[in-house]
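1. have a look at this prediction, sequence included:
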Amino acid sequence: MNTKVVCNYAKGRWVADSRRPLYSGLGCKEWLSAMWACRLTQRKDFSYEGYRWQPESCEMPEFERSAFLRSLLT
């Protein structure tokens, strides 16, 4: 019997990831409203940028922008 495990992305925890942040908020400040532009609000602590969400019982695939865009075209 082949039982497919469904991933519950809502249950999990934040884990440190040395590959993050993937980009700096400074690079996209022209598109962010003041409410979302944390780098412009003189915030001192940006350690949260070094974390990613890890679901409890499964691996969450990395977001692949090219694959996402292709899926929109099909």
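-> Yes, it's here. Numbering: from 1, shown residues only.

2. average pLDDT across stretch 67-74?
-> The average of the pLDDT scores along stretch 67-74 is 89.

3. any low-confidence regions in the chain?
-> 1-2, 23-41 (pLDDT under 70).

4. quick check on the most centrally placed residue in the chain: phi, psi?
-> Centroid check for the chain by C-alpha atoms, centre = their mean gives R52 as the closest residue, at 6.1 Å. Main-chain torsions, R52, degrees, to the nearest 10: phi -140, psi 160.

5. now Q54: closest residue in space that isn't a chain neighbour?
-> V15 (4.6 Å; C-beta to C-beta, 6 or more residues apart in numbering). Just so you know, the C-beta spots here come from the backbone N, C-alpha and C atoms, and that holds for glycine as well.

6. before we move on, the earlier item: contact partners for the residue nearest to the centre of the chain?
-> W14, V15, D17, R20 (C-beta atoms under 8 Å, 6 or more residues apart in numbering).

7. secondary structure, neighbour count and distance to M60 for those residues - can I get that in JSON lines?
-> Converted to JSON lines, the contacts of R52 look like this (DSSP: H, G, I helix; E, B strand; the rest coil; neighbours: other C-beta atoms under 10 Å; distance: C-beta to C-beta, whole Å):
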{"residue": "W14", "secondary structure": "strand", "neighbour count": "11", "distance to M60": "12"}
{"residue": "V15", "secondary structure": "strand", "neighbour count": "10", "distance to M60": "11"}
{"residue": "D17", "secondary structure": "coil", "neighbour count": "14", "distance to M60": "12"}
{"residue": "R20", "secondary structure": "coil", "neighbour count": "12", "distance to M60": "14"}
